[in-house]
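*Asks:* got a sequence here, can you model it:
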Amino acid sequence: NSRGASSLLKDTVPLLDFSASGPFEGHDLLRRGFTSVKSELLPSHPLEPSEKNFQLNQDKTNFATLRNIQGLHASLKLQMEFRAVKQVQRLPFLHSSNIALDTLRGNDECISFEDILNDPSQSEVMGEPHLMTEYKLGLL
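*Replies:* Numbering: from 1, shown residues only. Model (predicted):
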């Protein structure tokens, strides 16, 4: 037998599951990780999912209107410009404002919440530039 003694032990010794079961079962943090209360909650308002996708829905409506008025070529051209503009960004550790995307959407002259109080998803904490760039490039 060329398998060795260690493989025999693995085959013959059953691994028991020592987790508790029943009404007093606790959450096993080491095996299952942290629980996320946010994922268990339902939306607080029926319009919340619609508001999360507001910009996407508005873009789709604008493209459909443009396609109906000017034809398919105008909508396709604008969609290609949107894709090209979304790809151009600053380095991962610098805030990217996407002013070209705002100009294409016509939001460059509008003052919104993000202009005054900044986008809540963009924190002011700056990370390690080299580490963030390597992560973005897939080197880590």
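*Asks:* does Phe63 belong to a helix, a strand or coil?
*Replies:* Classification of Phe63 by DSSP: H, G, I helix; E, B strand; the rest coil places it in helix.
*Asks:* now the phi/psi pair for Leu91, please.
*Replies:* The phi/psi pair for Leu91 (degrees, to the nearest 10) reads phi -60, psi 160.
*Asks:* and for it, the neighbour number?
*Replies:* 10 (other C-beta atoms under 10 Å). Where you see a C-beta, it was placed from the backbone N, CA and C, and this is true even at glycine.
*Asks:* contacts only, for it.
*Replies:* Shown in contact with Leu91 (C-beta atoms under 8 Å, 6 or more residues apart in numbering): Pro129, Met132, Thr133.
*Asks:* try it again with 7 Å
*Replies:* Leu91 makes contact with Thr133, according to C-beta atoms under 7 Å, 6 or more residues apart in numbering.
*Asks:* can you tell me how far it is from Glu128?
*Replies:* Leu91 sits 12 Å away from Glu128, going by C-beta to C-beta, to the nearest Å.
*Asks:* need the nearest residue in space to Gly127, chain neighbours excluded.
*Replies:* Spatial nearest neighbour of Gly127, chain neighbours left out: Phe93 (5.7 Å); criterion: C-beta to C-beta, 6 or more residues apart in numbering.
*Asks:* so, low pLDDT: which residues of the chain?
*Replies:* Applying pLDDT under 70 to the chain picks out residues 1-31, 38-43, 118-126.
*Asks:* for the chain, which segments count as helices?
*Replies:* Under the criterion DSSP state H, helices of the chain are mapped to 5-12, 29-32, 37-40, 48-52, 54-70, 72-87, 99-105, 113-117, 129-137.
*Asks:* in a markdown table, list those helices along with mean neighbour count.
*Replies:* Output for those, formatted as a markdown table (neighbours: other C-beta atoms under 10 Å):
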| stretch | mean neighbour count |
| --- | --- |
| helix 5-12 | 9 |
| helix 29-32 | 8 |
| helix 37-40 | 6 |
| helix 48-52 | 10 |
| helix 54-70 | 12 |
| helix 72-87 | 13 |
| helix 99-105 | 15 |
| helix 113-117 | 10 |
| helix 129-137 | 13 |
